[in-house]
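Asks: Sequence first, then the predicted structure:
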Amino acid sequence: MASPTDVDLPPRLKTLSQSINRPAVTLAAIVIALVLGAMRLPILEYLRPLGDFYIALLKICVLPFLLSTIPSAVRSAMVGGTAGRTIRSLIVWLVELRDNRARTLPSSTAAASQQVGHTISATGFIRAGSG
């Protein structure tokens, strides 16, 4: 069975593929994107659907990968005997993240999110203590 790299591409496409895969080209594209984004040209709004599609596609690809690697990493930590230290670090990190978010949220945002929580629990979608 032929691998994807064994496919016979026309010479122009092969050259294009080789040049695009260089790290310098990727870094240059990132710099160009940052500069164009900072300029906020009105014509760039036409590219928004393309960017939104790319981000949605990235989420679709990354989420299953994360959902499969996290349990694997936890299992490896448990087998390797480092689970306790890892879990402690994770708990500390989560507590810090929660505290930082509570400090940085404006009071109106915090009140709005609290109201949404009360509304959800009042409608019965989420019941306290049910898991």
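Replies: Ah, there it is.
Asks: ok, and the helix or strand in the chain with the lowest average confidence?
Replies: helix 107-123 (a mean of 50; mean pLDDT, DSSP states H and E).
Asks: What distance do you get for the residue nearest the centre of the chain to Phe65?
Replies: Residue closest to the mean C-alpha point of the chain, counted by Cα atoms, centre = their mean, is Lys59 at 6.3 Å. Shown here: Lys59 relative to Phe65, a distance of 11 Å by Cβ to Cβ, to the nearest Å. In short, each C-beta sits where N, CA and C put it, glycine included.
Asks: contacting residues for Leu44?
Replies: 36-37 (Cβ atoms under 8 Å, 6 or more residues apart in numbering).
Asks: rerun at 10 Å
Replies: When contacts are counted by Cβ atoms under 10 Å, 6 or more residues apart in numbering, Leu44 touches 33, 36-37, 51.
Asks: Repeat that for Val25.
Replies: Ser19.
Asks: Any buried residues in stretch 50-60, and which?
Replies: Residues of stretch 50-60 classed as buried: none (neighbour count, 16 or more other Cβ atoms under 10 Å).
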